[in-house]
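**Q** Sharing a sequence plus its predicted fold:
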Amino acid sequence: NICKFVSENALKGADEERLAAIGVDRPMSLDEFESLSLPEKYIVSKCHDLVSSVTADIENYQLGAAGSKIYEFLWDQYADWYVEISKTRLYEGNGGGGTEEVKAAQRVLVYILDTSLRLLHPYMPYVTEQMWHHLPRSRKTDYQAAHALMLADWPQMNDESPLVIDREAVNTFECFQALTRSIRNARAEYNVEQGKKITATIVASGLLREEIEKEIKSLVLLAKLDPDQVHVYELGSEEAKAAAAVESVQLVVQDGVEAYLPLAGLIDPEKERKRLEKQATKIGKEIEKLAGRLKSKGFVEKAPPALVEKARAELAELEDQAAKIQASLEALN
């Protein structure tokens, strides 16, 4: 699916000259790397980290560990994060469409996939060879062994020339990921409808605030926010203090980074009250039934001790759920 997205969707409409320009014939240079935005620097840095780690594992015959790292990178970093963020560069509907950002996204998508296929080739030679031939390749140069993956260079041929990595960009983007997860978790906790876009105010300081502001369209897409109701303020500013004064869900992402989600935008109070009352009634009946069972001497004395303990644990869990529902109802009132 990733290969199909890159070759058929991301590169749709690209001419031969453009395809040749984004083909991979050597590791990414420092100059090209420095021209990239935060998400691109992050995924390239993580990919280069992966190359070093996998190379070391294979040299030490740790083939299982190397294979697992490639799998986790492709799914957890490339597919889950960068492929989604690339849509904010490629498509006008997601805030992208600018010539330079489209070129950068296409280049990074191809670079990461090409590098990953080279790493996977020892494990899946036939499949990766076939997939690799769907990717654009630059015109034949002295840097290329041949137009065949089985003869192509390993991503890191020289240990004396380490691949470029930006640790600060990695740390900054990991904060962006934590912010996105926090908002997603809050949506789930408050049972926000899947397609509903919500309001959010982000408070951060210095470089973090600047980078979050630059990537606000990515945050809008990933956390399903209303693009017209998302604000980023400097920590300690009057705007940040005003946001904190509004009745909101406060999310502390890390030291110096917070998010405020106004309750009015998260839930419909009346609908939420009805939902909670219905849930409270259901759990109340279950508690009554289980408590009556535990009060019965016949059950407590004759049932296996493990079964009695299980029933007591279930009752305690239900009572805890009931208490949380009651607290939520009181908060709504």
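**A** Perfect, thanks for sending it.

**Q** Every contact and neighbour count from this point should use C-alpha atoms.
**A** Fine.

**Q** So which bits of stretch 34-51 are buried?
**A** Buried residues in stretch 34-51, counted by 16 or more other Cα atoms under 10 Å: 36-51.

**Q** Identify the residues contacting stretch 276-285?
**A** 318, 321-322, 325-326, 328-329 (Cα atoms under 8 Å, 6 or more residues apart in numbering).

**Q** Just give me the residue closest to the centre of this protein.
**A** Trp81 (4.3 Å; Cα atoms, centre = their mean).

**Q** about what we covered before: highest neighbour count among the contacts of stretch 276-285?
**A** Using other Cα atoms under 10 Å as the neighbour test, these are led by Ala322, with 20 neighbours.

**Q** Spatially, what comes nearest to that one if we skip its sequence neighbours?
**A** Ala280 (6.2 Å; Cα to Cα, 6 or more residues apart in numbering).

**Q** neighbours around that neighbour, how many?
**A** 19.

**Q** Can you check what pLDDT the model gives it?
**A** Note on Ala280: pLDDT of 90.

**Q** Check which helices and strands the lowest-mean-pLDDT helix or strand in the chain is in contact with.
**A** Within the chain, no helix or strand scores below helix 263-266, which has a mean of 77 by mean pLDDT, DSSP states H and E. Helices and strands touching helix 263-266, by 3 or more Cα pairs under 8 Å, 6 or more residues apart in numbering; DSSP states H and E, are strand 198-204.

**Q** Which elements pack onto the strand it packs on?
**A** strand 225-234, strand 257-262, helix 263-266.

**Q** And the next helix or strand after it, what does it pack against?
**A** Remark: after strand 198-204, the chain's next helix or strand is helix 206-214, criterion DSSP states H and E. If you count contacts as 3+ Cα pairs under 8 Å, 6+ apart, helix 206-214 packs onto helix 167-189, strand 225-234.

**Q** Next, the angle helix 167-189 makes with helix 206-214.
**A** Here the directions of helix 206-214 and helix 167-189 differ by 60 degrees (axes from the mean of the first three to the mean of the last three Cα atoms, to 10 degrees).

**Q** okay, the angle between helix 206-214 and strand 225-234?
**A** Using the same axes, to 10 degrees: helix 206-214 against strand 225-234 is 160 degrees.

**Q** quick one: buried residues of helix 206-214?
**A** 208-209, 211-213.

**Q** so which of the residues you listed comes closest to Pro27?
**A** Glu211 (25.8 Å; Cα to Cα).

**Q** hmm, back to that, just name the most buried of the helices and strands packed on strand 198-204.
**A** strand 257-262 (a mean of 22; mean count of other Cα atoms under 10 Å).

**Q** and for it, what are the contacting residues?
**A** With Cα under 8 Å, 6+ apart, strand 257-262 has contacts from 179, 183, 198-205, 235, 243-244, 246-253.

**Q** and that strand, how far from the chain's centre?
**A** Relative to the chain's own centre, strand 257-262 is displaced by 18 Å; criterion: Cα atoms, centre = their mean, to the nearest Å.

**Q** Which strands border it, and is each parallel or antiparallel?
**A** strand 198-204 (antiparallel), strand 248-254 (antiparallel) (DSSP bridges).

**Q** how about the residue nearest to Ala322, secondary structure?
**A** With DSSP: H, G, I helix; E, B strand; the rest coil as the basis, Ala280 sits in helix.

**Q** if I look at it, how far off is Asp31?
**A** Per Cα to Cα, to the nearest Å, Ala280 is found 60 Å from Asp31.

**Q** Also Ile70?
**A** When Ile70 is compared with Asp31 (using Cα to Cα), they lie 26 Å apart.

**Q** Tell me which of those two has more neighbours.
**A** Ile70 (20 against 9).

**Q** Pull the distance from the host helix or strand of the more buried one to the chain's centre.
**A** Per DSSP H and E: Ile70 is located in helix 63-72. Put simply, helix 63-72 sits 20 Å off its chain's centre (Cα atoms, centre = their mean).

**Q** Let's see it as PDB, backbone CA atoms only.
**A** Extracted in PDB, the C-alpha atoms of helix 63-72 (Å, rounded to 0.1, in the frame of the first residue of the first chain):
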ATOM      1  CA  LEU A  63      19.100 -10.800  11.500                       C
ATOM      2  CA  GLY A  64      15.800 -11.100  13.500                       C
ATOM      3  CA  ALA A  65      16.400  -7.800  15.400                       C
ATOM      4  CA  ALA A  66      17.300  -6.000  12.100                       C
ATOM      5  CA  GLY A  67      14.200  -7.300  10.400                       C
ATOM      6  CA  SER A  68      12.000  -6.200  13.300                       C
ATOM      7  CA  LYS A  69      13.500  -2.700  13.300                       C
ATOM      8  CA  ILE A  70      12.800  -2.200   9.600                       C
ATOM      9  CA  TYR A  71       9.200  -3.400  10.000                       C
ATOM     10  CA  GLU A  72       8.600  -1.100  13.000                       C
END
